[in-house]
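Asker: Sequence and predicted model, in that order:
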Amino acid sequence: TAILVLNGPNLNLLGTRQPEVYGHTTLPDVEDLCRTHGKERGVSVTCRQSNHEGELVTWIHEARGTFDGIVLNAGAYTHTSIALMDAIKGTEAKVVELHISNVHAREAFRHHSYISPVAFGVMAGFGVKGYTLAIDALIAHLEG
Ligand code: DQA
């Protein structure tokens with residue numbers, strides 16, 4: 001089983017960006033945690049991050065046939081990107097939508113997601129721990 005952990009805009013700033021909301025763990029540390037967790041679970045985990053919507057779209061396309069599922073934190077594109085939604089729908093990607101913060105407890109503009117209708121599940125509000133929880137959720141989903 002191969003899992004892609006895909007992070008969108010501004011998540012490269014993890015650890016220093018609004019630590020009261022997103023915590024003090026950096027993205028490289030989160031990615032290490034994901035890869036280590038994957039090893040423990042016997043799955044391969046690949047991590048990527050981009051600030052560019054089109055690059056995320058391309059990576060979702062390329063994931064077809066390479067990865068069995070995607071843990072996607074699309075950042076603010078969650079709330080704006082029909083293109084990401086269409087990419088997931090168009091490639092029939094199995095996606096867990098992830099948010100570090102509880103988006104539903106925040107500003108109203110974070111309550112709508114273009115990703116949720118095409119994701120099989122949503123993880124939000126568990127801090128960076130959510131990434132490993134989402135990997136487990138994805139494995140459970142894939143193993144049916
Ligand atoms: C986020 C929540 C989004 O609303 C925000 O734009 C982000 C991060 C989260 O992980 O909590 O960039 O996806």
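Answerer: Cool, the structure landed. Numbers count the residues shown, from 1 in each chain.
Asker: Residue 69 versus the residue nearest to residue 66 when sequence neighbours are not counted, what's the distance?
Answerer: Nearest non-adjacent residue to residue 66, counting by CB to CB, 6 or more residues apart in numbering: residue 2, 6.7 Å away. The way it works is simple: take the backbone N, C-alpha and C, and place the C-beta from them, glycine included. Separation of residue 2 from residue 69 (CB to CB, to the nearest Å): 8 Å.
Asker: More neighbours: which of those two?
Answerer: residue 69 (23 against 13; other CB atoms under 10 Å).
Asker: Quick check, the more buried one in contact with residue 140.
Answerer: No: using CB atoms under 8 Å, residue 69 makes no contact with residue 140, being 10.7 Å away.
Asker: The ligand contacts on this protein?
Answerer: For the chain, the residues in contact with the ligand (CB under 6 Å from any ligand atom) are 10, 73, 75, 76, 78, 99, 100, 101, 103, 110.
Asker: and the nearest residue to the second one once chain neighbours are set aside, what helix or strand is that in?
Answerer: Across the structure, with CB to CB, 6+ apart as the measure, the residue nearest residue 73 apart from its sequence neighbours is residue 98 (4.6 Å). Following DSSP states H and E, the helix or strand that holds residue 98 is strand 95-99.
Asker: Output the contacting helices and strands for that strand.
Answerer: Judged by 3 or more CB pairs under 8 Å, 6 or more residues apart in numbering; DSSP states H and E, strand 95-99 is in contact with strand 69-73, strand 121-124, helix 129-142.
Asker: got the angle for that strand vs strand 69-73?
Answerer: 20 degrees (axes from the mean of the first three to the mean of the last three CA atoms, to 10 degrees).
Asker: how far off helix 129-142 does strand 95-99 point, in degrees?
Answerer: Using the same axes, to 10 degrees: strand 95-99 against helix 129-142 is 160 degrees.
Asker: so which of the helices and strands packed on strand 95-99 is the most packed in?
Answerer: Among those, strand 69-73 has the highest mean neighbour count (mean count of other CB atoms under 10 Å), at a mean of 25.
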